[in-house]
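In: Fold the following for me, if possible:
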Amino acid sequence: MADEIHKNKQLSHWIQREISDRIPEIVSYLREQEQRFFNSIIVGIYGGKPAWQGLSIDMKDLKLTEEESDYLDKTFGILRLTGKEEMFAIDGQHRTAAIKDAIAVASELETEEVPVIFVAHRTDYEGEIRTRRLFSTLNRYAKPVSTSEIIALDEEDNAAILTRKLIEQSSIFTDKIAFNKNKSLSLSNKNDFTNIILLYEIVITLLTDKIFIKSLPIGGEKYASFVSRRLSEDKLTKIYDGLVSEFEEIINGLPFLRTFFEGGTIDRKANTTNLIFRPIGQIVFFNTYRIAKHHKKENLVIKYFSNDGFNLNHPVWNKLFVDPGTKNTVVTQQVQRAAILLLLSKFNIPFSGTPKDKELINNLSIDVTSL
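Out: Down below sits the predicted model:
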């Protein structure tokens with residue numbers, strides 16, 4: 001690490017960011033994942049006298065031009081180190097630390113190889129600037145993978161794998177999922193129950209301990225590992241079968257959903273349409289259902305929502321979800337939380353809301369018994 005070799009501890013802090021608590025997670029990945037792969041670690045060579053010796057390659061049979069041959073001679077070579085150099089990860093310090101920890105407990109990993117890019121790190125003032133600039137450029141302009149790309153491509157995220165299986169293999173969601181790159185659903189969309197990102201989040205809600213309201217523990221799969229470490233095929237199949245059964249029970253328990261999934265359409269513009277057909281309603285319903293299930297009260301949730309009163313014509317939901325001035329639908333997280341907490345109160349499920357939650361509910365003067 002930079003602070004192990006750099007005399008100026010303040011400067012090392014600016015060359016390399018602090019190591020976070022991700023190390024154990026990466027160590028587990030190295031030890032448990034047979035098809036492991038790391039991107040190149042970018043290594044600064046500190047001190048010593050690294051030297052590069054190009055190799056001349058005889059490629060006459062390839063009929064290369066003089067320019068091409070000269071290029072290849074400069075491309076392949078040997079990096080020679082004196083042994084006095086010290087190296088630190090400019091980019092990849094978490095991977096570097098994890099490799100050290102993994103080898104300490106699993107010596108068979110010593111023979112593994114990882115791609116490396118070496119960068120000469122000068123110890124003068126300009127050299128420090130160059131190294132810091134390289135690090136900041138690498139991190140500033142790296143584009144995170146989008147949620148839609150994770151769902152489409154990730155083979156470690158179990159929620160993504162299950163979401164794809166639901167769309168591709170389950171008859172429930174055939175031609176019922178919109179492929180959006182965000183969580184919005186057009187009001188003119190009459191045929192899709194939800195979109196792929198919302199379905200992914202619903203899967204996470206139903207299966208993991210990640211919950212909209214953090215003060216309510218609900219058990220389930222550990223979220224951090226569930227979306228980063230692929231389970232065995234047998235366990236994935238078992239979870240998938242359970243997930244399909246749960247969706248079928250929910251749909252069969254709500255007549256308006258059963259009608260839709262049997263071939264009906266949605267008029268999302270109508271105030272009488274159930275809010276479960278909108279993103280905000282799906283967030284509220286599935287989070288409430290998940291919490292209630294933990295308390296063995298999911299049947300109360302199904303019974304309440306089966307009455308089809310969860311719409312903007314209902315006085316309580318209209319007051320909560322509609323701005324009285326603009327008449328626009330309010331979709332803030334605070335409003336979603338308030339809706340979930342109101343429902344939990346109705347089902348006598350204990351919770352502790354934040355002061356803002358309580359203030360919002362008090363200001364709206366909503367009587368839970370009117371739900």
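In: what distance separates the start and the end of stretch 78-91?
Out: 23 Å (C-alpha to C-alpha, to the nearest Å).
In: Now that stretch: buried residues?
Out: Glu85, Met87, Phe88, Ala89, Ile90, Asp91 (16 or more other C-beta atoms under 10 Å). The way it works is simple: take the backbone N, C-alpha and C, and place the C-beta from them, glycine included.
In: Could you check what's spatially nearest to Asp209, not counting adjacent residues?
Out: Gly220 (4.6 Å; C-beta to C-beta, 6 or more residues apart in numbering).
In: burial measure for the one you found, as a count.
Out: As a burial measure, Gly220 scores 18 neighbours (other C-beta atoms under 10 Å).
In: pretty sure it contacts Leu207?
Out: Yes: between Gly220 and Leu207 a contact is recorded at 5.8 Å, counting by C-beta atoms under 8 Å.
In: Counting neighbours, what do you get for Leu300?
Out: Using other C-beta under 10 Å, Leu300 has 18 neighbouring residues.
In: I meant to write Pro24 there.
Out: With other C-beta under 10 Å as criterion, Pro24 counts 10.
In: Three-state assignment for it, please.
Out: At Pro24 the chain is in helix, as set by DSSP: H, G, I helix; E, B strand; the rest coil.
In: Same question for Phe118.
Out: Per three-state DSSP, Phe118 ends up strand.
In: For it, list each beta-bridge partner.
Out: Counting by DSSP bridges, Phe118 is bridged to Val43.
In: which residues does it contact?
Out: Going by C-beta atoms under 8 Å, 6 or more residues apart in numbering, Phe118 touches Val43, Ile45, Pro50, Leu79, Met87.
In: same question, Ile172
Out: Per C-beta under 8 Å, 6+ apart, neighbours of Ile172: Leu166, Val244, Phe247, Glu248, Ile251, Phe261.
In: my guess is the last one meets Phe193, correct?
Out: Yes: Phe261 is in contact with Phe193 according to C-beta under 8 Å; the separation is 7.3 Å.
In: per the record, what domains does this protein have?
Out: 2-48+83-140, 147-370 (automatic domain parsing).
In: Between those domains, which one is closest to Asp58.
Out: Of all the domains of the chain, domain 2-48+83-140 sits nearest to Asp58, with 26.5 Å by C-beta to C-beta.
In: contact partners of stretch 271-283?
Out: With contact meaning C-beta under 8 Å, 6+ apart, stretch 271-283 is reached by 183-185, 193-194, 198, 201-202, 212, 254, 256-257, 260, 266-268, 284-285, 305, 308, 310-313, 317-318, 321, 329, 331, 335-336.
In: And the residue of the chain positioned farthest from its centre, how close does it get to Phe76?
Out: Computed with C-alpha atoms, centre = their mean, the residue of the chain farthest from its C-alpha average is Lys60, at 51.1 Å. Separation of Lys60 from Phe76 (C-beta to C-beta, to the nearest Å) stands at 16 Å.
In: what's the answer for Gln53, then?
Out: Gln53 sits 10 Å away from Phe76, going by C-beta to C-beta.
In: Ile276 too?
Out: As judged by C-beta to C-beta, Ile276 and Phe76 stand 62 Å apart.
In: Looking at these two, which one has more neighbours?
Out: Shown here are Ile276 and Phe76; by other C-beta under 10 Å, Ile276 has more neighbours (23 against 10).
In: circling back to that earlier point, joint contacts of Phe261 and Phe193?
Out: Common neighbours of Phe261 and Phe193 (C-beta under 8 Å, 6+ apart) are Lys176.
In: All the strands of the protein, in order from the start?
Out: For the chain, strands defined by DSSP state E occupy the ranges 41-46, 51-54, 77-80, 86-91, 116-121, 177-178, 194-195.
In: buried residues in the longest helix along the chain?
Out: For the chain, the helix with the greatest residue count under DSSP state H is helix 233-253. For helix 233-253, the neighbour count (16+ other C-beta under 10 Å) marks Ile239, Tyr240, Leu243, Val244, Phe247, Ile250, Ile251, Gly253 as buried.
In: Verify the stated contact: the last one with Ser306.
Out: Yes: with contact defined as C-beta under 8 Å, Gly253 counts as touching Ser306 (6.1 Å).
In: low pLDDT regions in the stretch 1-150 of the chain?
Out: 1-20, 123, 125, 128, 131-132, 135-136, 139-143 (pLDDT under 70).
In: how about 50 then?
Out: The stretch 1-150 of the chain contains residues with pLDDT under 50 at 8-15.
In: what are the ranges of the helices in it?
Out: Ranges of helices within the stretch 1-150 of the chain are 2-5, 9-15, 23-32, 66-75, 93-105, 125-140, 147-153, based on DSSP state H, counting those that start in this stretch.
In: Measure how buried the closest residue to Val368 other than its chain neighbours is and give me the count.
Out: Spatial nearest neighbour of Val368, excluding adjacent residues (C-beta to C-beta, 6+ apart): Ser345 at 4.7 Å. Using other C-beta under 10 Å, Ser345 has 17 neighbouring residues.
In: do the one 3 residues further on as well
Out: With neighbours defined by other C-beta under 10 Å, the count for Asn348 comes to 10.
In: how much space between it and Leu371?
Out: Distance from Asn348 to Leu371, by C-beta to C-beta: 12 Å.
In: Touching both of the two, which residues are there?
Out: With C-beta under 8 Å, 6+ apart, Asn348 and Leu371 have no common neighbours.
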